[in-house]
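>>> fold the following.
(2 chains)
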Protein chains: 2
Amino acid sequence: MYIHTVSHYLPTAVVGNEHFTQLNGLSNDWIIERTGIQERRKAAPGENTNTMTIDVIRRLQEKVDLSTVDIIVGATYTPYDTIVSLAHEAQHYLEIADIPVISVSTACSSLLNAIEVVEGYFALNKASRALVIVSEHNTAYNNDQDTISGHLWGDGAAALLITKERQSENDFAIKALLTGGAAHTAKATTAVMMKPNEGGVTMPFGRDVFINACQYMPKASLQVLERCGLTVDDVDYVLPHQANLRISRNVMKTLGLPEEKLISNIQLLGNTGCAGCAIALSENWDMFQKGQRIVLTVFGGGYSYGAMLIEK
Amino acid sequence: MYIHTVSHYLPTAVVGNEHFTQLNGLSNDWIIERTGIQERRKAAPGENTNTMTIDVIRRLQEKVDLSTVDIIVGATYTPYDTIVSLAHEAQHYLEIADIPVISVSTACSSLLNAIEVVEGYFALNKASRALVIVSEHNTAYNNDQDTISGHLWGDGAAALLITKERQSENDFAIKALLTGGAAHTAKATTAVMMKPNEGGVTMPFGRDVFINACQYMPKASLQVLERCGLTVDDVDYVLPHQANLRISRNVMKTLGLPEEKLISNIQLLGNTGCAGCAIALSENWDMFQKGQRIVLTVFGGGYSYGAMLIEK
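Presented below is the predicted three-dimensional model:
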């Protein structure tokens, strides 16, 4: 299984920390110290997870023909429409008939859940050319006045073409992929929530999220490496879920890796949910050299987690 | 792949057609003639897709041990929480650590999408014992005063234990399963929608849904039969998505099958979304005889569709 190419889209409006200083009295330094976030993007009126889906598809089409895509998997926890999901919107836009179309909603870990669903369809020989779309419109459900987590969130989307067979020398091979869940832990179902009818995104137990993210992302990363007979010494970059720069640094420290190997976009984008890692992969696509290995690792609300080792 | 057992839960409050007569002037006869619906269930305050998830799990636990479940797939388009999805809630309740947990949101077709995701995990040898939960809380997002579709919806949930290997003589074997999407058609993304921030469930082009449902469900049913070298003569029951009794009757007519072979619960439950077919399977579980074959077929918003042939 290979990642052939990736694209991303970011809304143009930038929201700096001064917005939250004015609103809630949170200083720029305070926000940066605790989260690493300097600014984030905010979707314009009329933009949503479905419009951003079309934006990332158009950008992917500039690089590759999508007319032979035979499965579409979308992911979001900030849906514009839960019936006409972003995967349906993508199929409608591409006008490809009769292919499986599915949307997943597994919080911030959804990118890897979506790719694992694709892996299953490939194993079944029910598909061989997958379009995966991750799109988050956090600001549609966020309360900026929430002093605990209102300043964390940003909007953005990405799309990946994943194929069963290698398409080019520049593809990333997916060497190992695992997902899991830690919802058995005490606060997993109350620490971070997104209830459309009850206040949107809230994070009453951020510290518990922090502790578990710092535990599960390194653990899952080591598991995928072990499955390939590799160690952290074989890793060129780590791309963790973009929840908080302190979490990302903690993950690197636990893995015993220097910060130069950390890929991070939270400084300029905030937490873009399940889209964050894929956006970062797209932003840095041309930087990666043949033979380099990246571990992507995710952790999110509901305490789903996962890791994926890819090699160029 | 086998369906070992199934359970369902229905809220206790019954909403009769007289509620909509009082509210909108729609007569009992008018509603029954156009939809077949006599009454539907409404979740109580405090109930939601996640509480109903625990209800169906408890009922399943009365029949089978769930401690060795190694994947959970949830499905809903009427989420209580899009971050702490019903699959996370299920994992939390069951206290099973480190298994893949995923929620899908592919409108009314999600039951079969969820089972196909499980099929993929089985093919990958990443799981062998799957808990699938379908739970809909339509009344949380419905506008009763909507004279076009406000009277259609009901609440309910179901859970299935699906295993890679046969567990008992009474299991249903899944002989063939397919899903597809018809979102390429003109009105697929506007005919029925569920926008949490823009009015909830609406169905401006019900006739287009009707026409496409009547076309795709028979077509998909014939495809799964053909894959097994069977014809409609080999079918004991058809269990279509419970959207409208007129659609179900039209599906039977197109397939050339008598109405005695139709399984339907829409009369007493309304359209319970992706839970409808699974609830009906649970309600009728003890009726099925060894060797009998059922075709389940679904069609929903975004125009996803699917069919599954099962044999006891």
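>>> who in the stretch 151-300 of chain A is up against chain B?
Within reach of chain B by CB under 8 Å from any CB of the partner chain, the stretch 151-300 of chain A has these residues: A:179-184, A:188-190, A:192-197, A:201, A:300. For the C-beta atoms, the positions are set from N, CA and C on the backbone; glycine is no exception.
>>> quick one: which helix or strand includes the residue nearest to A:A275 when sequence neighbours are not counted?
Setting aside the residues directly before and after it, A:A275 is nearest to A:V134 in space (CB to CB, 6 or more residues apart in numbering or on different chains), at 4.2 Å. If you go by DSSP states H and E, A:V134 is part of strand A:129-137.
>>> quick check: what element follows that strand along the chain?
Per DSSP H and E, the helix or strand that comes after strand A:129-137 is strand A:155-163.
>>> in the next helix or strand after that next one, what's buried?
Remark: after strand A:155-163, the chain's next helix or strand is strand A:172-181, criterion DSSP H and E. By neighbour count with 16 or more other CB atoms under 10 Å in any protein chain shown, strand A:172-181 contains the buried residues A:F172, A:I174, A:K175, A:A176, A:L177, A:L178, A:T179, A:G180, A:G181.
>>> neighbouring strands - and their directions - for strand A:172-181?
strand A:2-9 (antiparallel), strand A:304-311 (antiparallel) (DSSP bridges).
>>> report the distance from the last one to the chain centre.
Strand A:304-311 has its C-alpha centroid displaced from the chain centroid by 11 Å (CA atoms, centre = their mean, to the nearest Å).
>>> now A:E116: closest residue in space, sequence neighbours ignored.
Going by CB to CB, 6+ apart, A:E116 has A:T179 as its nearest residue, at 5.3 Å.
>>> could you do A:S248 as well?
Leaving aside its sequence neighbours, A:S248 sits nearest to A:P240 (CB to CB, 6+ apart; 4.9 Å).
>>> can you count the residues close to A:Y2?
Per other CB atoms under 10 Å in any protein chain shown, the neighbour tally for A:Y2 reads 18.
>>> also A:T147?
Neighbours of A:T147 using other CB under 10 Å come to 13.
>>> sorry, back to before: from the buried residues of strand A:172-181, which is closest to chain B?
Nearest to chain B out of the buried residues of strand A:172-181 is A:G181 (CB to the nearest CB; 3.6 Å).
>>> circling back: any idea how far the residue nearest to A:S248 lies from A:F172?
Distance of A:P240 to A:F172, computed by CB to CB, to the nearest Å: 17 Å.
>>> same deal with A:D98?
29 Å.
>>> before we move on, what about A:L268?
If you go by CB to CB, the gap between A:L268 and A:F172 works out to 23 Å.
>>> need the pLDDT of the residue of chain A found nearest chain B.
Residue of chain A nearest chain B, by CB to the nearest CB: A:G120 (1.8 Å). As predicted, A:G120 sits at a pLDDT of 98.
>>> the one 10 residues further on too?
With respect to pLDDT, A:A130 has a value of 98.
>>> thinking again about what came up before, what helix or strand does the residue of chain A closest to chain B sit in?
Using DSSP H and E, the element containing A:G120 is helix A:110-123.
>>> centre of the chain versus that helix, how much separation?
14 Å.
>>> and the angle from that helix to strand A:2-9?
Here helix A:110-123 runs at an angle of 140 degrees relative to strand A:2-9 (axes from the mean of the first three to the mean of the last three CA atoms, to 10 degrees).
>>> alpha carbons only: can I get helix A:110-123 in CSV?
Output of helix A:110-123 as CSV, limited to C-alpha atoms (Å, rounded to 0.1, in the frame of the first residue of the first chain):
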residue,chain,number,x,y,z
SER,A,110,-9.4,9.4,12.0
LEU,A,111,-6.7,9.7,9.4
LEU,A,112,-5.1,6.4,10.4
ASN,A,113,-8.5,4.8,11.0
ALA,A,114,-9.5,5.9,7.4
ILE,A,115,-6.3,4.5,6.0
GLU,A,116,-6.8,1.2,7.8
VAL,A,117,-10.3,1.0,6.4
VAL,A,118,-8.7,1.4,2.9
GLU,A,119,-6.2,-1.3,3.8
GLY,A,120,-9.1,-3.7,4.5
TYR,A,121,-10.7,-2.9,1.1
PHE,A,122,-7.4,-3.6,-0.6
ALA,A,123,-7.1,-6.9,1.2
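>>> residue ranges of the helices in the stretch 201-312 of chain A, please?
For the stretch 201-312 of chain A, the helices defined by DSSP state H, counting those that start in this stretch occupy A:206-227, A:245-255, A:266-269, A:276-283.
>>> indicate which one of the ones you listed is closest to A:G36.
Ranking these by proximity to A:G36 (CB to CB) places helix A:245-255 first, at 2.4 Å.
>>> so which elements touch the closest one?
Helix A:245-255 sits against helix A:28-35, helix A:206-227, strand A:237-240, helix A:266-269, with contacts defined as 3 or more CB pairs under 8 Å, 6 or more residues apart in numbering or on different chains; DSSP states H and E.
>>> tell me how far stretch A:119-129 lies from the chain's centre.
For stretch A:119-129, the distance to the chain centre is 22 Å (CA atoms, centre = their mean).
>>> output the helices of the stretch 201-312 of chain A as CSV; include the columns mean neighbour count, mean pLDDT and distance to B:G150.
Conversion of the helices of the stretch 201-312 of chain A to CSV gives the following (neighbours: other CB atoms under 10 Å in any protein chain shown; pLDDT from 0 to 100; distance: least, CB to CB, whole Å):
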stretch, mean neighbour count, mean pLDDT, distance to B:G150
helix A:206-227, 20, 97, 39
helix A:245-255, 19, 98, 45
helix A:266-269, 21, 98, 40
helix A:276-283, 25, 98, 39
